[in-house]
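*Asks:* everything below, folded, please.
(chains A and B)
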There are 2 protein chains.
Amino acid sequence: MKIIVAKNSGFCFGVKRAMNIVKEVKNNYSDKNIFTLGPIIHNPQVVNSLVEEKVFPVEDLKSLKKDDVLILRTHGIEKEMLSTIKKKRIKYIDATCPFVSNAHKYVKMLYRKGYQVIIFGEKNHPEILSINSQIDRKGIVIEDKDQIKDLIGLKNKKIGIISQTTQSIEKYKEIVTSLMDLFKEIYVINTICNATSLRQNSALALAKKVDLMLVVGGKNSGNTKRLFQICSELNEKTYHIETANEIDDFKDKILTNEVIGIVAGASTPNWIIKDVIEKLKKIDKEENKNGRKN
Amino acid sequence: MKIIVAKNSGFCFGVKRAMNIVKEVKNNYSDKNIFTLGPIIHNPQVVNSLVEEKVFPVEDLKSLKKDDVLILRTHGIEKEMLSTIKKKRIKYIDATCPFVSNAHKYVKMLYRKGYQVIIFGEKNHPEILSINSQIDRKGIVIEDKDQIKDLIGLKNKKIGIISQTTQSIEKYKEIVTSLMDLFKEIYVINTICNATSLRQNSALALAKKVDLMLVVGGKNSGNTKRLFQICSELNEKTYHIETANEIDDFKDKILTNEVIGIVAGASTPNWIIKDVIEKLKKIDKEENKNGRKN
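*Replies:* Residues are numbered from 1 along each chain as shown, chains lettered A, B, ... in the order given. Below is the predicted model of the structure:
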């Protein structure tokens, strides 16, 4: 068995930054209760390990007490929620990914300049909710080019489009070219972060040449789901797992003479990637010992 | 033999309008010498028939005398040339296609707003020369997506892109998506005229289902050349002819049981299309008479 890990796998700049912020907050406020507003990143294992370190995710502000410290999630939060936090004078530290903050700036610029804003992304993803809240939800969220036909009524408007930072660049291009059939003026902002594009390209290249592909990351992680989608289009034997243990479910599909590719989402910690590699090596060893070498 | 003429073949709105302008000018100025600045449209046969009606193309203003009347070509003319005409108080009538005039407005808007202007089109085509002259030739003309790599030095600029009105929409889309890899902000103006897109789509659909495809129009006509390119990618037996007589050169390639498709460029007059159909019918009749029916 040969194991190849795709370049640009695992924690991206924004996630690393958020993890460092949590560490700093823990050091600076060791006497306080620390919370994150929603899961700080879309990786249940990381969120659980933070809980063990007494950093708890909360869904709203109700449970917070005076003196508690709140960390804002990487995906950004809705504008009104931030106003409430400020109004209630809750001590907060912002771990919003700078690329998401950048998308906030762009969406406001497009709206201010009078464009009908289109946002390419997952309707209910916290990043999209945070972006669209910046312009009082006046943006139209589309996730698929099939939805463009519904925009026919806006035909004569100038449109401005931005994307969720972790979307597939290829899908974004498809959306833009489909819009060109309908609209005369389109202001395209490519807000997909560089790490996302690089990781997608590495995943693509690897999925093509390996026998089996493992996409490792949160089942709730948008960018990981996209990696799974991209890889499975190229390689039928693609599996999305959150942790090494899940490999047991399709252990019989793994042959010891195979080349296994691994790519991990932007919110997948290194220790999970290492666990996956160890698990694969263990399977390989056992299979060889059992003389089932193919 | 079955002959099918593609929908949307022949004279487009801008060309019809220009032909009507010529007619009106001839009526209103029957006592004057009438000239067109350059060929009024890119169809040598139409230009020749105008010469017979004493409407002469001139390449510059030197040969014009006081009291002569000048018609400006459909493709538009360069800004400085128009200034000179006005300064010299030459009587002129503007037959510039309104879609080209629209592209002039857009290119000025993009430039005024501070975008680095990119123009997708043929470097030396009069339309492109007229468009780029509007912004003192500050636009960068690209004809192929391979040229995008040369723009790397402009990476941090906001770019605005417009297209020659008769370009291939598919190629324009390719250009835009390639630009998305390099630039964060792209203002896309789709200046390709509707008639061009419709004609290209009709040609595409027809080329797929016929045995042999005839693209009829000026050898100097950009939009006809694009029709030829589009059709020949789908149908190996595609020929670009200006007139019916040219069919003799490949008469032996035409079999009487074939389905022949015809598409004509935006500057091809109806009488040339009719000539082509008559010629084909004649070939069919002769072949059948000779008993060479296949």
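*Asks:* show me which residues of the stretch 101-250 of chain A sit near chain B.
*Replies:* A:169, A:172-173, A:176-177, A:180-181, A:183-191 (Cβ under 8 Å from any Cβ of the partner chain). Every residue, glycine included, has its C-beta placed from N, CA and C.
*Asks:* which members of the residues you listed are the farthest-apart pair?
*Replies:* The span of these, defined through Cβ to Cβ, is set by A:Ile169 and A:Lys184 at 24.1 Å.
*Asks:* quick one on the thing from earlier: hmm, which of the residues of the stretch 101-250 of chain A next to chain B are the buried ones?
*Replies:* A:169, A:172-173, A:176-177, A:180, A:183-191 (16 or more other Cβ atoms under 10 Å in any protein chain shown).
*Asks:* mind listing which of those are in strands?
*Replies:* Assignment to strands by DSSP state E places the following of these there: A:185-189.
*Asks:* turn those residues into TSV, columns for pLDDT.
*Replies:* Compiled in TSV, those are given as follows (pLDDT from 0 to 100):
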residue	pLDDT
A:Glu185	97
A:Ile186	98
A:Tyr187	98
A:Val188	98
A:Ile189	98
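*Asks:* closest one of these to A:Ile77?
*Replies:* Set against A:Ile77, the nearest of these by Cβ to Cβ is A:Ile189 (21.3 Å).
*Asks:* contact partners for the closest one?
*Replies:* Each residue near A:Ile189 by Cβ atoms under 8 Å, 6 or more residues apart in numbering or on different chains is listed here: A:106, A:110, A:160-163, B:184-185.
*Asks:* over to A:Val263?
*Replies:* A:Val263 is in contact with A:5-6, A:9, A:199, A:202-203, A:206-207, A:213-216, A:227, A:231, counting by Cβ under 8 Å, 6+ apart.
*Asks:* so which elements touch the helix or strand harbouring A:Lys274?
*Replies:* In the assignment (DSSP states H and E), A:Lys274 maps to helix A:270-289. Packing partners of helix A:270-289 (3 or more Cβ pairs under 8 Å, 6 or more residues apart in numbering or on different chains; DSSP states H and E): strand A:2-5, strand A:212-216, strand A:259-264.
*Asks:* quick one: A:Ser168 and B:Pro39, what's the gap?
*Replies:* Between A:Ser168 and B:Pro39 the distance is 47 Å, computed by Cβ to Cβ, to the nearest Å.
*Asks:* now A:Leu154
*Replies:* 40 Å.
*Asks:* among the two, which residue is more densely surrounded?
*Replies:* Using other Cβ atoms under 10 Å in any protein chain shown as the criterion, A:Leu154 and B:Pro39 rank with B:Pro39 on top: 22 against 14.
*Asks:* so the closest residue in space to that one that isn't next to it in sequence is in which element?
*Replies:* Leaving out its chain neighbours, the residue that sits closest to B:Pro39 by Cβ to Cβ, 6 or more residues apart in numbering or on different chains is B:Val47, at 4.7 Å. Assessed by DSSP H and E, B:Val47 sits inside helix B:44-52.
*Asks:* what packs against the helix or strand following that helix?
*Replies:* Toward the C-terminus, helix B:44-52 is succeeded by strand B:55-58 as the next helix or strand (DSSP H and E). Using 3+ Cβ pairs under 8 Å, 6+ apart, the elements in contact with strand B:55-58 are strand B:34-37, helix B:44-52.
*Asks:* ok, the shortest one: who's next to it in the sheet?
*Replies:* Pointing back at strand B:34-37 there. Strand B:34-37 has its sheet partners listed here by DSSP bridges as strand B:55-58 (parallel), strand B:69-72 (parallel).
*Asks:* so for it, mean pLDDT?
*Replies:* Strand B:34-37 carries an average pLDDT of 96.
*Asks:* flag the shaky bits of chain A, pLDDT-wise.
*Replies:* Applying pLDDT under 70 to chain A flags the ranges A:291-294.
*Asks:* verify the stated contact: A:Lys184 with B:Asn190.
*Replies:* Yes. With contact defined as Cβ atoms under 8 Å, A:Lys184 reaches B:Asn190; the gap is 5.3 Å.
*Asks:* out of the helices and strands packed on helix A:270-289, which one sits most buried?
*Replies:* Neighbour counts (mean count of other Cβ atoms under 10 Å in any protein chain shown) averaged over each of the helices and strands packed on helix A:270-289 peak at strand A:212-216, with a mean of 27.
*Asks:* so what strands line up beside that one?
*Replies:* Sheet pairing here is set by DSSP bridges, and for strand A:212-216 it gives strand A:238-241 (parallel), strand A:259-264 (parallel).
*Asks:* how close does the closest residue to A:Ile3 other than its chain neighbours get to A:Gln229?
*Replies:* Distances taken as Cβ to Cβ, 6+ apart place A:Ile260 nearest to A:Ile3, at 5.1 Å, with adjacent residues excluded. Taking Cβ to Cβ as the measure, A:Ile260 falls 19 Å from A:Gln229.
*Asks:* can you check A:Asp67 too?
*Replies:* As judged by Cβ to Cβ, A:Asp67 and A:Gln229 stand 44 Å apart.
*Asks:* of the two, who's got more company?
*Replies:* Set A:Asp67 next to A:Gln229 and count neighbours by other Cβ under 10 Å: A:Gln229 wins out with 15 against 11.
*Asks:* where's A:Glu80, which helix or strand?
*Replies:* Here A:Glu80 is assigned to helix A:79-87, by DSSP H and E.
*Asks:* against which helices or strands is that helix packed?
*Replies:* Using 3+ Cβ pairs under 8 Å, 6+ apart, the elements in contact with helix A:79-87 are helix A:126-133.
*Asks:* other SSEs contacting the helix it packs on?
*Replies:* Helix A:126-133 packs on helix A:79-87, helix A:98-112, strand A:116-120, going by 3+ Cβ pairs under 8 Å, 6+ apart.
*Asks:* tell me the secondary structure at the closest residue to A:Ile118 other than its chain neighbours.
*Replies:* If the residues on either side of it in the chain are set aside, A:Ile118 comes closest to A:Ile161, at 4.3 Å by Cβ to Cβ, 6+ apart. Taken by DSSP: H, G, I helix; E, B strand; the rest coil, the conformation at A:Ile161 corresponds to strand.
*Asks:* tell me the bridge partners for A:Ile161.
*Replies:* Beta-bridge partners of A:Ile161, counted by DSSP bridges, are A:Ile118, A:Val188.
*Asks:* who touches it in this structure?
*Replies:* Counting by Cβ under 8 Å, 6+ apart, A:Ile161 makes contact with A:117-120, A:175-176, A:179, A:186-189.
*Asks:* if you set the cut-off to 10 Å instead, what comes out?
*Replies:* A:107, A:110, A:115-120, A:139-140, A:142, A:172, A:175-176, A:179, A:183, A:186-191, B:188 (Cβ atoms under 10 Å, 6 or more residues apart in numbering or on different chains).
*Asks:* so who does the closest residue to A:Thr84 other than its chain neighbours touch?
*Replies:* Counting by Cβ to Cβ, 6+ apart, A:Leu61 is the residue found nearest to A:Thr84 once chain neighbours are left out, at 6.4 Å. Residues near A:Leu61 by Cβ under 10 Å, 6+ apart: A:35, A:37, A:68, A:70, A:81, A:84-85, A:88, A:90.
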